[in-house]
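In: with the input below, show me the fold.
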Amino acid sequence: MKRVITIYFTRHGQTNWNNERKIQGHVEVDLNEVGRTQAKTLHDELLSVPLDFIIVSPLRRAKETAEIIRGERNIPMIVDPRIIEEYYGDMEGKSRSDESYLTQRQCFAKRYPHGEGYFDVVARVYSFFDDIKAKYDGKLNTILVVAHGGMSRVVNAYFHDMTNEEFVRYGIQNCELVKYEL
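Out: Residues are numbered from 1 along each chain as shown. Next comes the predicted model:
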């Protein structure tokens with residue numbers, strides 16, 4: 001009999017660029033004090049959850065969030081490049097209110113100029129979860145994934161059917177925790 005693997009997914013803590021509504025993508029932006037406090041709050045919330053390990057994006061803001069959440073617990077941490085934020089190419093550093101960005105978000109098959117498109121992100125994120133199922137089925141119970149808001153919609157689409165409109169609108173707050181089961 002197969003056991004269920006519980007996946008807790010969270011977005012990194014707040015950065016100044018989140019406050020400024022700038023597109024971060026692959027740009028290395030540090031957590032601000034609010035983001036560190038959010039991560040500490042999530043640390044406290046997860047203290048009673050027996051995590052087998054944490055898988056984290058290679059970007060500094062996600063790794064710092066994961067380190068704060070882990071705290072003094074002896075939980076192995078794995079960096080996986082497949083869960084890095086979407087690469088927005090020429091859009092990185094621009095406002096999330098930029099008309100060209102808002103238009104591009106509606107185009108599922110089109111890549112951002114010099115960046116990725118949703119299909120690129122789907123390919124790597126879906127393979128990430130498929131690999132977890134194949135590698136850890138029957139061996140693990142609980143994994144924490146610390147990644148990014150932009151790719152959270154792709155993660156949610158892996159687990160739930162979504163319309164195009166739901167997909168575009170979906171997002172989670174900094175250090176919001178979403179529970180999925182594999």
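
In: got the contact list for the nearest residue to residue 50 once chain neighbours are set aside?
Out: Take residue 50 and drop its neighbours on the chain: the residue closest to it by CB to CB, 6 or more residues apart in numbering is residue 142, 6.1 Å away. (Glycine included, C-beta is placed from N, CA and C.) Contact partners of residue 142, counting by CB atoms under 8 Å, 6 or more residues apart in numbering, are 5, 6, 7, 8, 49, 50, 51, 52.

In: let's go with 10 Å and repeat that
Out: Contact analysis of residue 142 by CB atoms under 10 Å, 6 or more residues apart in numbering lists 4, 5, 6, 7, 8, 46, 49, 50, 51, 52, 53, 179.

In: cool, and residue 38?
Out: The contact partners of residue 38, taken as CB under 10 Å, 6+ apart, are 10-14, 31-32, 65, 68-69, 173-176.

In: what's downstream of whichever strand or helix holds it, the next helix or strand?
Out: For residue 38, the host element (DSSP states H and E) is helix 33-46. Sequence-wise, the next helix or strand downstream of helix 33-46 (DSSP H and E) is strand 53-56.

In: packing partners for that following strand?
Out: Helices and strands touching strand 53-56, as assessed by 3 or more CB pairs under 10 Å, 6 or more residues apart in numbering; DSSP states H and E, comprise strand 6-11, helix 60-70, strand 77-79, helix 118-136, strand 142-147.
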